[in-house]
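*Asks:* Test case, fold it:
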Amino acid sequence: MLSIENLSVDYASRSVLSDLNISIPQGKITALIGPNGCGKSTLLKAISGSLKAASGKVTLADQDLTKLSHKKRARRLSILPQSPITPEGISVRQLVSFGRNPYLSQWGGLTSEDQQKVQMALAETALTDLADIPVDSLSGGQRQRAWIAMVLAQDTEYILLDEPTTYLDLTHQIELMEMMQKMNKNGKTLVVVLHDLNQACRYCDHLIVMKKGQLVAQDTPHKIFNSRLLKEVFALNAMIINDPIANKPMCIPL
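*Replies:* The predicted structure follows:
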C-alpha cells in the first residue's frame, strides 16, 4: 500500500497541504476529488517527489520514497501532470521513449528491453500506426493517449494522472477512463485527479475527498459519496441515485 503520513506542503509562507494521512489501496483506481485549489495536484506532485514536502513522508511497501533518488523513485511511481507541453517536432515514438529514461545507463541508449516496452505501450494505447508521425499533428484525444503511452512505457507499479480528461470531449473522456480501467486490470494501481464526480464514482474504486488542503473523507464511493458530503465540500445541493449501468452512486444537482 502507498501511504502518506503526516504530509504537509507549503508554498512560500502559505500552507497548501496540512498534516495529511492517506492510504491508497494497491491494485485499485483511486480518484482525488475536491474543489479547485484544494491541493489535489499538489498532493500528486508531493507523492511523485517533484515537489518537496515541508514535513511527513510517503511510503510504499514500508520504503520511505522521500529518501530515494529521483531516478529510483521514478521506477516506482510515474506521473502525468496537467496539460504537459510536447517538445516541438518529436514523433509519438520518441515521446513514448522518454518513459524509459529512469532505466537508461550512463551511455543513454535504449536497450532491446526498452524498445519492447515502448512497442507494448504504443500497442496498448492503439498508437502503433501513428508511432512515426509528429505529436503536434495529433488530435487532442490522440495526443493524450501518447502521453499515457509514455507513462505506460515507464512501467511503474503506481501511475499518477493529474486531470487527464481536461479539454477532451465526452467521447474521448470515456475512452480514456476505460483505458485506465484496462491499465488497472493489467496490474497497475492508479491515482487520478478528476473534476467530474460521476465519472469518479463510476470508474474508480476508491475516493479521496479534499477541501482547503485537508482530508475530508476516504473510502469507496458507496460508503462516502452522499448528499451531505457534496454539500459540505462543494456547497452543492444534489440528490444521490444509483447508476443503473455501473451500479455506483451518482449525483443529480438540484
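*Asks:* And the protein, split by domain according to the record?
*Replies:* Domains of the chain are assigned by automatic domain parsing as 1-76+156-225, 91-154.
*Asks:* Distance to Lys231 added to those domains, as a markdown table?
*Replies:* For every residue, glycine as well, the C-beta is placed using N, CA and C. Below are the domains of the chain laid out as a markdown table (distance: least, CB to CB, whole Å):
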| stretch | distance to Lys231 |
| --- | --- |
| domain 1-76+156-225 | 12 |
| domain 91-154 | 33 |
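*Asks:* Dump the ones you listed to CSV, plus mean neighbour count, mean pLDDT and distance to Asn242.
*Replies:* CSV is the format used below for the domains of the chain (neighbours: other CB atoms under 10 Å; pLDDT from 0 to 100; distance: least, CB to CB, whole Å):
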stretch, mean neighbour count, mean pLDDT, distance to Asn242
domain 1-76+156-225, 18, 93, 10
domain 91-154, 17, 93, 30
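*Asks:* What is the neighbour count of Lys80?
*Replies:* I think there's a mix-up here, since residue 80 is Leu and not Lys. By the criterion of other CB atoms under 10 Å, Leu80 has 20 neighbours.
*Asks:* can you pull out the helices in this protein?
*Replies:* In the chain, the helices defined using DSSP state H lie at 40-48, 70-73, 92-97, 112-124, 140-154, 170-185, 197-203, 221-224, 227-234.
*Asks:* Make JSON lines out of these and add distance to Tyr11.
*Replies:* Converted to JSON lines, the helices of the chain look like this (distance: least, CB to CB, whole Å):
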{"stretch": "helix 40-48", "distance to Tyr11": "8"}
{"stretch": "helix 70-73", "distance to Tyr11": "21"}
{"stretch": "helix 92-97", "distance to Tyr11": "30"}
{"stretch": "helix 112-124", "distance to Tyr11": "34"}
{"stretch": "helix 140-154", "distance to Tyr11": "26"}
{"stretch": "helix 170-185", "distance to Tyr11": "29"}
{"stretch": "helix 197-203", "distance to Tyr11": "26"}
{"stretch": "helix 221-224", "distance to Tyr11": "28"}
{"stretch": "helix 227-234", "distance to Tyr11": "22"}
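*Asks:* Out of those, which gets nearest to Ser105?
*Replies:* Nearest of the helices of the chain to Ser105, taken as CB to CB: helix 112-124 at 10.2 Å.
*Asks:* how about the CA coordinates for stretch 193-212, as PDB?
*Replies:* In PDB, the C-alpha atoms belonging to stretch 193-212 read as follows (Å, rounded to 0.1, in the frame of the first residue of the first chain):
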ATOM      1  CA  VAL A 193      -7.400  13.800 -10.200                       C
ATOM      2  CA  LEU A 194     -10.900  14.200 -11.500                       C
ATOM      3  CA  HIS A 195     -13.500  17.000 -11.600                       C
ATOM      4  CA  ASP A 196     -16.400  15.000 -12.900                       C
ATOM      5  CA  LEU A 197     -17.800  13.500  -9.700                       C
ATOM      6  CA  ASN A 198     -20.000  11.000 -11.600                       C
ATOM      7  CA  GLN A 199     -17.000   9.700 -13.600                       C
ATOM      8  CA  ALA A 200     -15.000   9.400 -10.400                       C
ATOM      9  CA  CYS A 201     -17.700   7.200  -8.800                       C
ATOM     10  CA  ARG A 202     -18.400   5.200 -12.000                       C
ATOM     11  CA  TYR A 203     -14.800   4.300 -13.000                       C
ATOM     12  CA  CYS A 204     -12.900   4.400  -9.700                       C
ATOM     13  CA  ASP A 205     -12.800   2.000  -6.700                       C
ATOM     14  CA  HIS A 206     -11.700   4.500  -4.000                       C
ATOM     15  CA  LEU A 207     -12.300   8.200  -3.400                       C
ATOM     16  CA  ILE A 208     -10.100  10.700  -1.500                       C
ATOM     17  CA  VAL A 209     -12.000  13.800  -0.800                       C
ATOM     18  CA  MET A 210     -10.100  17.100   0.000                       C
ATOM     19  CA  LYS A 211     -11.000  20.600   1.000                       C
ATOM     20  CA  LYS A 212      -8.700  23.500   1.700                       C
END
